[in-house]
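Undergrad: Sequence first, predicted coordinates after that:
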There are 2 protein chains.
Amino acid sequence: LTKPEPYTPIEWRDGRVRYLDQTHLPNEEIVRETADWENVVSAIKRLAIRGAPLIGIAAAYAVVLAAMTFRQRREKLERAIQVIGNARPTAVNLSSAASRMLSVLPTGGAALPVDVPDLLLVEARRIHEEERHACEAISLHGVSLFSRPIDVLTICNTGPLATGGIGTAFGILHTAWSNGLIRRVYACETRPLLQGARLTIWECMKHGIPATLINDSAAGHLMQTGKVGAVVTGADRIAMNGDVANKIGTYMLAVLCEAHRIPFYTAAPSSSVDVTVRTGENIVIEERSADEITMFQGKPIAPSGTHALAPAFDFTPARFITAIVTERGIHRKPFQFDSREQIAGPGTS
Amino acid sequence: LTKPEPYTPIEWRDGRVRYLDQTHLPNEEIVRETADWENVVSAIKRLAIRGAPLIGIAAAYAVVLAAMTFRQRREKLERAIQVIGNARPTAVNLSSAASRMLSVLPTGGAALPVDVPDLLLVEARRIHEEERHACEAISLHGVSLFSRPIDVLTICNTGPLATGGIGTAFGILHTAWSNGLIRRVYACETRPLLQGARLTIWECMKHGIPATLINDSAAGHLMQTGKVGAVVTGADRIAMNGDVANKIGTYMLAVLCEAHRIPFYTAAPSSSVDVTVRTGENIVIEERSADEITMFQGKPIAPSGTHALAPAFDFTPARFITAIVTERGIHRKPFQFDSREQIAGPGTS
């Protein structure tokens, strides 16, 4: 994990945010640079920057950019922080990063002190650093789930591109593979935006991990034919009872795992735990535009006028989850997440 | 069902096969016409003509074209029939249509009688007509599965485009909808070739059936949120014990149905029953080219060099299937298909 990453999904450099525009991967590696906080918001909205932890980091840097723009005007900055925190609804990291940045603002009148951008930058860098460390801890804890070399299935993208660190589920896969405990990663392509095909396969290749791409709908067949030893996924939000909101299709994998007696693991930093939400049913599932299903790369793939439903996430009840891995350790049922700082429960190890 | 179809997937006209090239739907309705049997084989291979019953019909007409080409040369014709019957491996209709056509050839020496093309055309037309009638009977039997208006989920394409008649699963959906027993059809897009998005939505629109497109991976979420009253799918091959080979993703739907206590119905003509196969495990699952997953409309959607698995079908064990509808009636567990001509079993009604 000390080896430098072969690519940098986001960084703060010379008063600007530099990020890899993930909408062009794997065909082009386009790095964009901006000093405009609204550009970062739109990059989050259009998924150029994506992944629950990474959009939290991006949000934090966006707040710094907003502070550099609005300088001492508290009201403007606070409004910008609100816009940033609401760029997308499902991942809690976004709003919690925004709240943390807000809490850094000194109390007082309408005029902020001149050093606020610097204060905010320290906090943004801390958020980034924490996510990096969380990934490393998740990876190290997660390896203990594996005892003999198996093939593992994952969905969506949970590597550096999603997290700013080595990854959550991907971090575990990477570390377990480095230790000879994973032979091959099967990646669900992850419709509609194909993060599995475009990003996870790309990241596996960059790191040298043997990977095989499948259609999401082939997961059942793969399990039925004995090809999957475990499923490991990330999480966009975790409720207090351990219900998990994650990429659409995750729930399907969990049900299939139960039917085939295959362990189903969720990996996420505790920043993805939302202690304001008791169960997954209370998590807002983002509905994306129907175009994401009916169009592909600007071309229609369904008749014009097609009615479509495009939920971006689904929720997996805790009972389907074998273990949740956070930077604090391996959590087992019954899950009981108390507060962001304090994760405990009978099964915590 | 007496209303003329708004489109014609295949027909014999003036000594030629005319077919709608399904690879261009829904964007263009391109009708091709050929007198070359090998063109029909390649149309089947590249899925311009597809759907288990329809490729049986196409194969029969292709044999007529071959007979018109080879005239009295038995050996050439018999070899062509073999090539036609092996154009694709999973659907039994193809090889059984080829066998039927072969059995029409008069016994005797190397030279066939001059009227062989006419004899073969009679048989090909009979096969087409039988498939049409089977669809009508399936539709009428299938309606009895519904007693109150519900929303139904399907996968792939099972309408006129797949069958040459009103359809198998689609025929049931169409008839039940006409009778007020289905409100809406949810169509899985059906990766990798998007037959659901491109063809089923198109056919629903042509027939006026309210339809909603979803990603395959959203099926679990849809069931979890109570939106699916039943799943109805077609079948590419049915084993004697009722195990069903069908489009990749069908098995996933069956497992999800069991987990949500939603009925799962298979609809197919008895020509899809393969009495040489005792259980689904013995059915050959066609592996398609990795390009079907890694490319989309000629453009890469995964990194170059991606390793991919592309099973075109999966098999659903009989225990997951609530009922199988054929032109003979509703079959219930334990399924017991004896021979193509004789379908019987304790649950047959």
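TA: Yes, it's here.
Undergrad: pretty sure residue A:132 contacts residue A:167?
TA: No. Applying C-beta atoms under 8 Å as the test, residue A:132 and residue A:167 come out as separate, 10.4 Å apart. The C-beta positions use only the backbone N, C-alpha and C, and glycine is treated the same way.
Undergrad: Quick check: which helices or strands does the lengthiest helix in chain A pack against?
TA: As assigned by DSSP state H, the longest helix anywhere in chain A is helix A:116-143. In terms of contacts (3 or more C-beta pairs under 8 Å, 6 or more residues apart in numbering or on different chains; DSSP states H and E), helix A:116-143 is packed against strand A:10-13, helix A:52-70, helix A:92-104, helix A:169-178, strand A:264-267, strand A:323-326, strand A:329-331.
Undergrad: for the fourth one, which positions count as buried?
TA: Of the residues in helix A:169-178, those buried by neighbour count under the rule 16 or more other C-beta atoms under 10 Å in any protein chain shown are A:169, A:170, A:171, A:172, A:173, A:174, A:175, A:176, A:177.
Undergrad: tell me the mean pLDDT for that helix?
TA: Throughout helix A:169-178, pLDDT has a mean value of 98.
Undergrad: Contacts for it, please.
TA: Defining contact as C-beta atoms under 8 Å, 6 or more residues apart in numbering or on different chains, one finds that helix A:169-178 is touched by A:1, A:135-136, A:138-140, A:142-143, A:145-146, A:152, A:154, A:157-160, A:162-163, A:165-167, A:182-183, A:185, A:200, A:203, A:207, A:209, A:232-234, A:265-267, A:325.
Undergrad: what about burial for those residues, which qualify?
TA: Buried members of those, counted by 16+ other C-beta under 10 Å: A:135-136, A:138-140, A:142-143, A:145-146, A:152, A:154, A:157-160, A:162-163, A:165-167, A:182, A:185, A:200, A:203, A:207, A:209, A:232-234, A:265-267, A:325.
Undergrad: how many other residues sit next to residue A:104?
TA: Neighbour count of residue A:104, defined by other C-beta atoms under 10 Å in any protein chain shown: 17.
Undergrad: doesn't residue A:123 make contact with it?
TA: Yes. Counting by C-beta under 8 Å, residue A:123 is a contact partner of residue A:104 at 4.8 Å.
Undergrad: residues shared between the contacts of the two?
TA: With C-beta under 8 Å, 6+ apart, residue A:104 and residue A:123 have no common neighbours.
Undergrad: The helix or strand where residue A:231 lies packs against which elements?
TA: Per DSSP states H and E: residue A:231 is located in strand A:230-233. When contacts are defined as 3+ C-beta pairs under 8 Å, 6+ apart, strand A:230-233 packs onto strand A:150-154, helix A:169-178, helix A:250-260, strand A:264-267.
Undergrad: got these as CSV, with distance to residue B:46 columns?
TA: Compiled in CSV, those are given as follows (distance: least, C-beta to C-beta, whole Å):
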stretch, distance to residue B:46
strand A:150-154, 30
helix A:169-178, 36
helix A:250-260, 30
strand A:264-267, 38
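Undergrad: Select, out of the ones you listed, the one closest to residue B:112.
TA: Closest to residue B:112 of those, according to C-beta to C-beta: helix A:250-260, at 52.8 Å.
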